[in-house]
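K.L.:
quick check, what structure comes out for this input:
(chains A and B)
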Amino acid sequence: MEPILETKKLCHIYSPGTPFEHGALRDVDLAIYEGEFLGVMGRTGSGKSTLIQHLNGLLKPTSGQVLLRGEDIWASKESTRQARFQVGLVFQYPEYQLFEETVYKDIAFGPRNMGLDDGEIDRRVRQAAAFVELPESVLEQSPFDLSGGQKRRVAIAGVIAMEPSVLILDEPTAGLDPVGTEHILGNIRDYHRSKNATVIIVSHSMEEMARTAERLVVVHDGRIPLQGPPREIFAHGEELEEMGLGVPQMARVFHRLRAMGADIDPSVYTVEQARDAILTALGKAVE
Amino acid sequence: MKDITLGQFFPGDTVVHRLDPRTKIVFTALYIVALFLAKSYVSYGVVLGVLALCVALSRIKVKVLLRGMRAVIFIVAITALLNLFYTAGAPGEAPLFSWWIFTVYPAGVRAAAFMILRILLLISCTFLLTYTTSPILITDGLERLLSPLKKIKVPVHELAMMMSIALRFIPTLVEETDKIMSAQRARGADFDTGNLARRAKALVPLLVPLFISAFRRADELAIAMECRCYHGGEGRTRLRQLKFAAIDYAAFSWGIALCVIVWALARCGL
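P.N.:
Numbering: from 1, shown residues only, chains lettered A, B, ... in the order given. Now for the predicted structure:
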């Protein structure tokens, strides 16, 4: 299968030629496929933010390439511009970038920059607002009068309204309460499913990753030492701990149970799987 | 956005770095006085020599000092040109050249050269101060130097505190600006092309969030300060006690000596 986004020997060095020079990415090869739900994890300073900012052309690689549908996004000015629209990036704490008088105008900022006509902008704004479950009545309010969780949803809608084929979100649930977290993740899953869009989520919450992502990429020290389905990744518990990451609670419990001699499946990482595994082990039928 | 070098502090451990900030501020002031008293080749030679000595002692690279000058080239050029064309020669002195309304006398060339030298020295000596003294120490020094003004109800401590906070938040705001710019670029904002009016308009999505976040930070900082019982300068002791050492007294006397020498030279017609 042809990847939708691909990096080839991607390197990035900050402040080259000064005493502050340091490499953030080293020879990163990563392929992202159409329609997949990818999780990127890594501790603070691992290079994961630098990596995602390359995917839509906000940062220019020091060397190496970023390919969008097989085409270098730095080939021409137009291709960089297209990459910005095709690959939507929601930054951490995106509510701090709201600036318009009304929620409607703020969500319309992206589509308007794409040069769409008013009818199309209106359709996209309303659809994006519906995706993040913002009621119509909010659209004419000032974004600064909303609650924190609502502000974040407005900001995410602002990117969704550009209808990117790849949606990248950097820590979309940081600082939200459990209900808000569930809400946002649910909205993102809806977008993923109904638009068949590729979604990349950056997070260091293992629980969240375990539940939402189909494939995980671990960034450590500017490289990608591990990638694969959650089941495989969480089997490398010790390596993950060494990289300053953890494994989900359930994976840890099951590793311990196995170490204590219980005959159970070691690749369990969610509560549902744990329930089934325990029931099976106890010889009871799984409903 | 990240490479703002204007007035940047370069940590070091030289004699100049170790001087009390008050000494450095007063010495800089005295140096500027001497600079304006200087009127001849000899006296300019003296002030130039003193600065060269200070730069050498501080181990600040001349290249770094010159890089800071780029910001003022325009002002220097305009001043030099005005001096070149508007200085009348001594009676009977022949103009060097004359074309249309422009007439240049030898005195004009000398005035322009001195003016360039004066501005460059003025900027170099203040740069030397900020390059070798951390912003916090400069503010501390200023606060102590200005403290007599408290007698006439000037809020010296509050002013100094405002200055330290402002300095402390420059890097934070620069980082914030970078972040917001990237975020708006990701939504297709374009900050780099178009005419002046378009570019000014493009700044709205940057400035609005920046101001809001600056006010939010100010609010949070004020609360944090009050939580720690900050209530102005009265009765506060300091973490860093400023103390004069022998070298500070020596530097003071050299600063005064420099002024006297340059003044005496000027009196002697040099």
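
K.L.:
so what's the most centrally placed residue in chain A bridging to?
P.N.:
By CA atoms, centre = their mean, the mean C-alpha position of chain A lies nearest to A:I201, the distance being 1.3 Å. Note on A:I201: beta-bridge partners A:G39, A:L169, judged by DSSP bridges.

K.L.:
that one reaches A:R189, doesn't it?
P.N.:
No. A:I201 is beyond contact range of A:R189, at 10.3 Å (criterion: CB atoms under 8 Å). Quick note: C-beta positions are derived from backbone N, CA and C, even for glycine.

K.L.:
overlap in contacts of those two?
P.N.:
A:37, A:212 (CB atoms under 8 Å, 6 or more residues apart in numbering or on different chains).

K.L.:
where do the helices sit along the chain?
P.N.:
Just so you know, I chose chain A. Along chain A, the segments classed as helices by DSSP state H run A:48-55, A:77-86, A:103-113, A:118-131, A:148-160, A:178-195, A:206-212, A:230-233, A:237-242, A:249-259, A:271-281.

K.L.:
that's the wrong chain, I meant chain B
P.N.:
Counting by DSSP H, the helices of chain B are B:15-18, B:21-37, B:41-58, B:62-69, B:73-86, B:106-132, B:135-146, B:156-186, B:196-202, B:204-227, B:246-267.

K.L.:
comparing those by mean pLDDT, which bottoms out?
P.N.:
Confidence, taken as mean pLDDT, is least for helix B:62-69 of the helices of chain B (a mean of 81).

K.L.:
so what's B:A38 up against?
P.N.:
Here B:A38 is in contact with B:44, B:46-47, B:118, B:262, B:265-266 (criterion: CB under 8 Å, 6+ apart).

K.L.:
residues near the closest residue to B:K243 other than its chain neighbours, how many?
P.N.:
Excluding the flanking residues, the one nearest B:K243 by CB to CB, 6 or more residues apart in numbering or on different chains is B:D20, at 7.1 Å. Residue neighbour count, defined by other CB atoms under 10 Å in any protein chain shown, stands at 22 for B:D20.

K.L.:
so for B:D20, what's the pLDDT?
P.N.:
90.

K.L.:
how near is it to chain A?
P.N.:
28 Å (CB to the nearest CB, to the nearest Å).

K.L.:
hang on, that residue packs against B:R240?
P.N.:
No. If you go by CB under 8 Å, B:D20 and B:R240 don't touch, sitting 10.7 Å apart.

K.L.:
send me stretch A:147-164 as PDB with only the CA atoms.
P.N.:
Taking Å, rounded to 0.1, in the frame of the first residue of the first chain, the C-alpha atoms of stretch A:147-164 are listed here in PDB:
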ATOM      1  CA  SER A 147     -15.500  27.300  29.000                       C
ATOM      2  CA  GLY A 148     -12.100  25.800  28.600                       C
ATOM      3  CA  GLY A 149     -13.400  22.600  27.100                       C
ATOM      4  CA  GLN A 150     -15.600  24.400  24.700                       C
ATOM      5  CA  LYS A 151     -12.800  26.700  23.600                       C
ATOM      6  CA  ARG A 152     -10.600  23.700  22.900                       C
ATOM      7  CA  ARG A 153     -13.400  22.200  20.700                       C
ATOM      8  CA  VAL A 154     -13.800  25.500  18.800                       C
ATOM      9  CA  ALA A 155     -10.000  25.400  18.100                       C
ATOM     10  CA  ILE A 156     -10.200  21.800  16.900                       C
ATOM     11  CA  ALA A 157     -13.200  22.600  14.700                       C
ATOM     12  CA  GLY A 158     -11.100  25.400  13.200                       C
ATOM     13  CA  VAL A 159      -8.700  22.800  11.800                       C
ATOM     14  CA  ILE A 160     -11.400  20.200  11.000                       C
ATOM     15  CA  ALA A 161     -13.200  22.800   8.900                       C
ATOM     16  CA  MET A 162     -10.300  22.700   6.500                       C
ATOM     17  CA  GLU A 163     -11.200  19.100   5.900                       C
ATOM     18  CA  PRO A 164      -7.600  17.800   6.000                       C
END
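
K.L.:
and chain B, is it touching that?
P.N.:
Yes. Stretch A:147-164 reaches chain B (CB under 8 Å from any CB of the partner chain) through A:158-159, A:162.

K.L.:
looking at these, which has the most residues close by?
P.N.:
Busiest of these [other CB under 10 Å] is A:G158, holding 31 neighbours.

K.L.:
which outside residues touch stretch A:97-116?
P.N.:
A:85, A:88, A:91, A:120-121, A:124-125, A:128-129, A:134, A:138-144, A:146, A:151, A:154-155, A:157-159, A:161-162, B:180, B:183-184, B:187-190, B:204-205, B:208-209.

K.L.:
switch to 6 Å and redo it
P.N.:
A:85, A:121, A:124-125, A:128, A:138-141, A:143, A:154, A:157-158, A:161-162, B:180, B:183, B:187-188, B:205, B:208-209 (CB atoms under 6 Å, 6 or more residues apart in numbering or on different chains).

K.L.:
quick one: contacts for A:V138?
P.N.:
Contacts of A:V138 (CB under 6 Å, 6+ apart): A:V103.

K.L.:
let's see it at 7 Å
P.N.:
By CB atoms under 7 Å, 6 or more residues apart in numbering or on different chains, A:V138 lies in contact with A:103, A:146, A:150.

K.L.:
kindly report the same for A:D221.
P.N.:
A:S46.

K.L.:
and the pLDDT for the closest residue to chain A within chain B?
P.N.:
The minimum distance from chain B to chain A, using CB to the nearest CB, falls at B:G188 (3.1 Å). On pLDDT, B:G188 comes in at 87.

K.L.:
count the neighbours of B:S253 for me.
P.N.:
So B:S253, with other CB under 10 Å, has 10 neighbours.

K.L.:
I'd like the distance between it and A:N187.
P.N.:
72 Å (CB to CB, to the nearest Å).

K.L.:
if we can go back for a sec, now mean pLDDT too, for the helices of chain A, in JSON lines please.
P.N.:
Shown next, in JSON lines, are the helices of chain A (pLDDT from 0 to 100):
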{"stretch": "helix A:48-55", "mean pLDDT": "91"}
{"stretch": "helix A:77-86", "mean pLDDT": "88"}
{"stretch": "helix A:103-113", "mean pLDDT": "93"}
{"stretch": "helix A:118-131", "mean pLDDT": "93"}
{"stretch": "helix A:148-160", "mean pLDDT": "92"}
{"stretch": "helix A:178-195", "mean pLDDT": "89"}
{"stretch": "helix A:206-212", "mean pLDDT": "81"}
{"stretch": "helix A:230-233", "mean pLDDT": "86"}
{"stretch": "helix A:237-242", "mean pLDDT": "83"}
{"stretch": "helix A:249-259", "mean pLDDT": "83"}
{"stretch": "helix A:271-281", "mean pLDDT": "84"}
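
K.L.:
since that was my last question, I'll sign off now.
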